[in-house]
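Peer 1: Sequence and predicted structure, then a few things I'm wondering about:
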Amino acid sequence: MTTKLATLDQANHDIEGANTEFYDVYYFDIDGDFDLDGAYLTIAGVFGAKAPAGGGLNLAEIALNYEGKPAECGNYVASFVALGDNASPEFVQNAIDGDLATHTTMGNTVDDPDKLLRVTLGFASTTGSPK
């Protein structure tokens, strides 16, 4: 979370999903740009399958886990990037709806290999309420 990875692939990622799905998790500013002292959390990634495959970057809830304190879920989506023919940007709010049975579907990067799928979240403890 303290480093933004330059590339995402089999050898270089924070989280691996399917065999063409790799993610980086880092602190950022409101636009999803790396900032070690940033108040937001970004999950960015690549997914290498078009429809009819489901899209990648499927997030149910994102929580910060503090030692000795309750977990804190994100309270708003600050920004996001959805790409490709299997993206469902209308479901981005599922990342903060409090329901583990719902999730985001941010698409794929097949036609945009230099871009990343991304969801950037704010948390009440660091960013307050949505502006």
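Peer 2: Right, received. Where do you want to start? Residues are numbered from 1 along each chain as shown.

Peer 1: Report the distance from stretch 19-29 to the chain centre.
Peer 2: 7 Å (CA atoms, centre = their mean, to the nearest Å).

Peer 1: Name the residues that touch it?
Peer 2: For stretch 19-29, the external contacting residues (CB atoms under 8 Å, 6 or more residues apart in numbering) are 1-5, 8-10, 12-17, 34-49, 56-57, 116, 120. C-beta here means a position set from N, CA and C on the backbone, and glycine is covered the same way.

Peer 1: What about these, which are in strands?
Peer 2: Judged by DSSP state E, the contacts of stretch 19-29 include 15-16, 40-47, 120 as members of strands.

Peer 1: where in this structure is pLDDT low?
Peer 2: Along the chain, segments meeting pLDDT under 70 span 1-2, 32, 131.

Peer 1: show me where it has helices.
Peer 2: 124-127 (DSSP state H).

Peer 1: residues in contact with the residue nearest to the spatial centre of it?
Peer 2: Centroid check for the chain by CA atoms, centre = their mean gives I43 as the closest residue, at 2.8 Å. If you count contacts by CB under 8 Å, 6+ apart, I43 has them with 15, 23-25, 57, 59, 62, 118-119, 121.

Peer 1: Repeat the analysis, applying 6 Å as the threshold.
Peer 2: 23, 25, 119 (CB atoms under 6 Å, 6 or more residues apart in numbering).

Peer 1: Run a quick neighbour tally on the second one.
Peer 2: Other residues within reach of V25, judged by other CB atoms under 10 Å, total 18.

Peer 1: so what's it closest to, chain neighbours aside?
Peer 2: Nearest residue to V25, sequence neighbours excluded (CB to CB, 6 or more residues apart in numbering): D14, at 4.9 Å.

Peer 1: Could you do the last one as well?
Peer 2: Take V119 and drop its neighbours on the chain: the residue closest to it by CB to CB, 6+ apart is F80, 4.9 Å away.
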